[in-house]
Structure formats: structure tokens, C-alpha cells
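Visitor: What follows is a predicted structure for the sequence shown.
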Amino acid sequence: MKRTGWISVIAVFLAVAAFAFGILSRRGAPDASAPPPVEARAIDGHAGHEGAPSDTPSTRAYREAADRMHQTMNIDYSGDADIDFLRGMIAHHEGAIAMARIAVEEGEADDVRGLAQEIIRAQEAEILRMRIMLARHEDAPAVSERP
């Protein structure tokens, strides 16, 4: 085939491919006149689950740990990004430790229990480091008070 023959074949192939792509991609497109999908889940992830008879002891313990963590993460903000970060992260890490302890006590899989133990050790060390940093930053004069 001559050079113009191959170019014509390639051009026709690209045109057919583009047309086919357009047709196939519209098949999955939602109907514009269809009503929007409805979210079936409750807004509150815990809604209807408190004290459910089917909750296992570990599920109840995880729920309690998560609730405690969210309560303690609801800090009084100081306006200092560093202090607020440290306070929030300490509470977050304490929640992670509480959940990891449940996994160690209630879990059966050795690899998950091992990971939970690693998390406990690492997060306890990070909490200690953050408490030291927090004490240092809380004792420092505010940025606006520095000379």
C-alpha cells in the first residue's frame, strides 16, 4: 500500500475508535431526567446501634473507645496552631491505643494482635514526645508577645 493508503487506514481506524469510545462511554452515563440517588445510610454512623443485642463485647468496647476519643478530641481551641495540633493529636493517639488494646485482648489473629502491640508502643512514645512539646509550647510566650 502506498503511504497515503496507510494514512487513510489509520485515519479511518482512529475515527471508528473515537466513535466507538463515545458510544460506549455514554452507556454508563446517568439519565439526566432520573432522580438523584438516595443515601440509604443514616447520617450518624452510630445511629441505631447503641447497645444492639447483636453487638459483641469487642464491638461495644470499640464503640466506647471511639466515643471517648471523639469527646476528648473536642478540645477548646487556643488559636495557636501548634498547641491545638498537639492537644488534638494526643487525644487521637490515646484513642488509637485504646482500640489497639481491645484488638490485643479480644482479637484472635496473631498478625493483627502483633500490629496492635506495635501501634501501642509507637503511639505511647509519640504521646510522650507530644506532651513534652506541648509543655514547651504552652510555657513559651505567644508569638505576639515576643520581642
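Guide: Arrived safely.
Visitor: Check which residues of the longest helix seen in the chain are buried.
Guide: For the chain, the helix reaching the highest residue count under DSSP state H is reported as helix 110-139. Across helix 110-139, burial judged by 16 or more other C-beta atoms under 10 Å covers 113, 116, 119, 120, 123, 127, 130, 134. All C-beta atoms are positioned from the backbone trio N, CA, C, and that covers glycine.
Visitor: I'd say the last one and residue 85 touch.
Guide: No - with contacts counted by C-beta atoms under 8 Å, residue 134 stays clear of residue 85, the gap being 9.4 Å.
Visitor: returning to that earlier point: reformat the buried residues of helix 110-139 as a markdown table; add distance to residue 77.
Guide: Output for the buried residues of helix 110-139, formatted as a markdown table (distance: C-beta to C-beta, whole Å):
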| residue | distance to residue 77 |
| --- | --- |
| 113 | 36 |
| 116 | 31 |
| 119 | 27 |
| 120 | 28 |
| 123 | 23 |
| 127 | 20 |
| 130 | 17 |
| 134 | 14 |
